[in-house]
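Novice: next come a sequence and a model predicted from it.
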Amino acid sequence: MSPIILPVNGVSPQMGENCFVAPNATIVGDVTMGNDCSVWFNAVIRGDVNFIRMGNKVNVQDGACIHCTYQRFGTTIGNNVSIGHNAIVHGCTLHDNVLIGMGSIVMDNAIVKSNTIIAAGAVVLEGTICESGSIYAGVPAKKVKDISAELIHGEIDRIANNYVKYAGWFKSQEK
């Protein structure tokens with residue numbers, strides 16, 4: 001079994017160095033990934049109707065969906081970003097050092113600034129700007145507290161680094 005990686009309208013996904021794509025993941029269209037990224041089981045990155053740009057050390061966990069909006073909003077994801085299991089990231093901007101919790105949704109034209117956590121199950125509504133160094137939770141998502149430097153390193157960095165390690169386990173079996 002191989003991942004589904006397809007061009008759309010003549011534009012093929014581009015991946016940086018040292019990336020892992022699970023055998024049943026799907027990546028199509030105008031998608032550019034940086035180095036050390038991972039796309040996990042049943043994840044979908046669909047750059048068919050607009051662009052998706054991902055920095056370095058981004059992990060898209062199992063069942064997550066990244067999409068965009070036709071002729072309106074592409075999706076831009078910075079460096080050191082974790083997108084949790086079954087999350088939806090749609091037509092928005094995620095800056096560096098962001099954690100998108102499991103099952104959360106980030107809608108069109110939202111901006112999640114650096115060093116921010118979107119809690120599991122949160123819904124960031126269209127056009128919302130999540131300020132840097134904060135935790136957002138709830139439906140709709142609201143700021144619940146500031147993030148300490150320990151939490152940034154203890155959660156955001158730890159998870160991103162762990163996913164580079166986990167990808168290595170699978171990549172070592174590919175040879």
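Specialist: Structure's in. What do you need?
Novice: remind me, longest helix of the protein?
Specialist: Counting by DSSP state H, the longest helix found in the chain is helix 158-174.
Novice: now stretch 18-38: how far from the chain's centre is it?
Specialist: 11 Å (C-alpha atoms, centre = their mean, to the nearest Å).
Novice: ignore the last one, stretch 85-99
Specialist: Put simply, stretch 85-99 sits 5 Å off its chain's centre (C-alpha atoms, centre = their mean).
Novice: residue nearest the centroid of this structure?
Specialist: Geometric centre of the chain, nearest residue: residue 83, 4.1 Å, by C-alpha atoms, centre = their mean.
Novice: wait, that residue touches residue 62, no?
Specialist: No - using C-beta atoms under 8 Å, residue 83 is not in contact with residue 62, being 10.3 Å away. C-beta coordinates here come from the backbone N, C-alpha and C atoms, glycine included.
Novice: measure the closest residue to residue 135 other than its chain neighbours to residue 167 for me?
Specialist: Take residue 135 and drop its neighbours on the chain: the residue closest to it by C-beta to C-beta, 6 or more residues apart in numbering is residue 117, 4.7 Å away. Per C-beta to C-beta, to the nearest Å, residue 117 is found 22 Å from residue 167.
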